[in-house]
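Trainee: Provided below are the primary sequence and the corresponding predicted coordinates.
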Amino acid sequence: MPENTSHNDLTTSIEIEFLLEGIFRRYGYDFRSYSPAHIKRRLINKMKQNKFRSLSEMQHHVLHDKNFFNSLLKDLSINVTEMFRDPAFYVALRKEVIPILKTYPFIKVWHAGCASGEEVYSFAILLKEEGIYDRTQIYATDFNNNILEVARKGIYPVDRIKEYTVNYQKAGGKYSFTDYYLAKYNSAIIDQALKKNIVFAEHNLVTDTVFAEMHVIICRNVLIYFNRDLQNKVIRLFNESLVHGGFLGLGTKETIQFSNYNAQYTDVNKELKIYKKKVNE
Amino acid sequence: MKPQYKAVVIGASAGGLYAFKQIISVLPVDFFIPIIAVQHISPDSENYIITFLNNHSAITIKEADEKEKLKPGCVYFSAPNYHLLIEKDATLSLSTEQKVNYSRPSIDVMFETAADTFGKGVIGIILTGANQDGTAGIRAVKEAGGLTIVQDPTEAETPAMPKSAIEASAPDHIFSLDGIADFLLNLHQAHNKG
C-alpha cells in the first residue's frame, strides 16, 4: 500500500461522511449521529464482503441499487435479540411495574426498536400471565420494514427454543413455555393469540415524532448506538410520549442520567434501568 | 524518538482471572495511560472479575460504560454480552451486534477499534485463552504500528490463544505474566521521569 496510514484514515472518514449523507438524502435513513466506531466497522465489513476496493466504490452501489441498500440497512440495524433477553429485567417488571399497571383500565405499551419481535412477544406473555393482556395495546416499532415483517410473522428457528425456555423460567414464567409456540419442522411459531393486541409499525426514532400517549415504553439496546445529542433527542421523544407516572425500560448499559430529562424520573430499578416518570407536582 | 503510548489493550479468555491479577495488581494507582480489557465471560455473569481485581489492586478497575471518556489510572473491563469499541475521541462505545469468534465481548472488535484510534500509540497484549479471538486484533495493532506483546504460551493456563496470536503476528515481545507486569511498570517509570 503506497499511501500512509493517516492519509488513508482521513480518506475513509471523508468517505463515511459522504456515504451517510448520501443515504440520508436518497433514502431518508439518518445514521449521521450514530457512534462512529460502530458504523465504520459495519461499513468496512460490508465493503470487504462484497470485495469493493473502497467505500467510494460501494457508495455507487448504495445509491443506485435499492436492493444493495436494503442489504446494507440490515447490517446497519442491529437485530440481535432473543426471547426474555436479560431475564432479570422481566422479573423486575413483574414485581415492580405490573402491580401498578393492574390498576389501570387500559394500558398502552410502546416497544421501540423491536427488531424481529422476540422481546415484544416476551412482554406479551408476561402480560398474559398477569391477566392484563386483554386490556393492553402494544405498539411495536422499528425503522426496518424487512425485520418488522419477521416480527409480524413470529416464526423463529426452533434450535433457539431451548435457550428461550431457560430464559422464560429465569424470567419468572408461571407455566410451561411450550404453551406459547407451536413447533413445526425447524420452526417455532408464536401462538396467534399473543398477536391479537400487537400492532407492528414502521417508525424511525431518529426522524419520526410522537404518535400516541403511552403508559410503558421499552427500548433496549438501541440508544447505545446513538451519540449523546441523538440520545437526548430520543429520550425527549419518549418523555413526550409517556403519561405522568409512566414507565421507561432501557437496556442494562443505557441510562437517562446524562439526558436533559433525568430530573423528571425516579428509579424503579436502578440496575435494570427501569424508570418512572414523576407525577407533576 | 521515544514512542508516545496512549493506551494499553489486553485480551484474555480461559484462565484470564488469575493472569489479569498477576499484571494489574502490581500497577500503581496513577498508571500513566488507560487500560482497556476484554475477558470472555458468560452473558448473564455478574462480572465478578471487577470486584476480585479491585480487592487485589491499587489501580481502579471498572466495567466500561458507553460514552465513557478514557482516563489514566483506570482499567476498563468490557461488560458481559456487549462488544466494547473505542471511538476516535477516546470514549467507549458498546454494541450488541452478533458474536465474533463465538464471543461477545470479542477481543478482536476491541483491539481493531483501539488500533484504529490510537495507531502506533497502542500496546496490545494477548493472554491465556482457548480460542482464536484476539488473533486478528493483535495483527491490527501491529499493522497500525502499535506495540504487541503475547503471554508466553508455555506458562499460559490455556495456551491456544497466545499461540495463535504469536503465529499470526510475530509479536514484538513474548513475556511471562511477571515480564508483562515489569514491562508496563518500566514504561510508567520512564514516563514519569519524562
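Mentor: Received, thanks. What you see is a predicted model, and the numbers here were worked out from it, not measured in a lab.
Trainee: neighbouring contacts of stretch B:169-188?
Mentor: B:5, B:8, B:19, B:22-23, B:26-28, B:31-32, B:123, B:125-127, B:135, B:138-139, B:141-142, B:147-152, B:155, B:165-166 (Cβ atoms under 8 Å, 6 or more residues apart in numbering or on different chains). C-beta coordinates here come from the backbone N, C-alpha and C atoms, glycine included.
Trainee: for stretch A:19-37, same thing?
Mentor: Here stretch A:19-37 has contacts from A:16, A:39, A:43, A:55, A:58-59, A:62-63, A:69, A:73, A:76, A:143, A:204, A:206-207, A:224-227, A:229-230, B:85-88, B:93, B:95, B:113, B:116-117, using Cβ under 8 Å, 6+ apart.
Trainee: which residue packs closest to the residue sitting nearest the centre point of chain A, ignoring adjacent ones?
Mentor: The centroid of chain A falls nearest to residue A:113 when counting by Cα atoms, centre = their mean (2.6 Å). Sequence neighbours aside, residue A:222 is the residue nearest to residue A:113 in space, at 3.8 Å (criterion: Cβ to Cβ, 6 or more residues apart in numbering or on different chains).
Trainee: OK, contacts around that neighbour?
Mentor: So residue A:222 contacts A:112-113, A:205, A:234, A:251 (Cβ under 8 Å, 6+ apart).
Trainee: report the buried members of the contacts of stretch A:19-37.
Mentor: A:16, A:39, A:43, A:55, A:58-59, A:62-63, A:69, A:73, A:76, A:143, A:206, A:224-227, A:230, B:85-87, B:93, B:95, B:113, B:116-117 (16 or more other Cβ atoms under 10 Å in any protein chain shown).
Trainee: sorry, back to before: hmm, residue A:219 and the residue nearest to the centre of chain A touching each other?
Mentor: Yes: using Cβ atoms under 8 Å, residue A:113 makes contact with residue A:219 at a distance of 5.5 Å.
Trainee: shared neighbours of these two, anything?
Mentor: Counting by Cβ under 8 Å, 6+ apart, the residues touching both residue A:113 and residue A:219 are residue A:205.
Trainee: which residues of chain B fall in helices?
Mentor: Listed in chain order, the helices of chain B (DSSP state H) span B:16-24, B:48-56, B:107-118, B:135-143, B:160-169, B:177-193.
Trainee: should've said the stretch 101-250 of chain A
Mentor: Taking DSSP state H, counting those that start in this stretch to define them, one finds helices in the stretch 101-250 of chain A at A:118-129, A:145-153, A:161-170, A:228-241.
Trainee: distance to residue B:57 and mean pLDDT for those - can I get that in CSV?
Mentor: Formatted as CSV, the helices of the stretch 101-250 of chain A follow (distance: least, Cβ to Cβ, whole Å; pLDDT from 0 to 100):
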stretch, distance to residue B:57, mean pLDDT
helix A:118-129, 37, 98
helix A:145-153, 43, 96
helix A:161-170, 32, 96
helix A:228-241, 31, 97
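Trainee: of all these, which one is nearest chain B?
Mentor: helix A:228-241 (6.2 Å; Cβ to the nearest Cβ).
Trainee: helices or strands up against the closest one?
Mentor: When contacts are defined as 3 or more Cβ pairs under 8 Å, 6 or more residues apart in numbering or on different chains; DSSP states H and E, helix A:228-241 packs onto strand A:214-219.
Trainee: paired strands for the strand it packs on, with orientation please.
Mentor: strand A:107-112 (parallel), strand A:242-250 (parallel) (DSSP bridges).
Trainee: and the first one, how far out from the chain's middle?
Mentor: Using Cα atoms, centre = their mean, to the nearest Å, we find the averaged C-alpha position of strand A:107-112 to lie 12 Å away from the chain's own average C-alpha position.
Trainee: between that strand and helix A:228-241, how big is the angle?
Mentor: 160 degrees (axes from the mean of the first three to the mean of the last three Cα atoms, to 10 degrees).
Trainee: can you pull out the strands in chain A?
Mentor: A:107-112, A:136-142, A:155-157, A:181-184, A:187-190, A:198-202, A:214-219, A:242-250, A:265-269, A:274-277 (DSSP state E).
Trainee: I'd like the average pLDDT over the second one.
Mentor: Along strand A:136-142, the predicted confidence averages to a pLDDT of 98.
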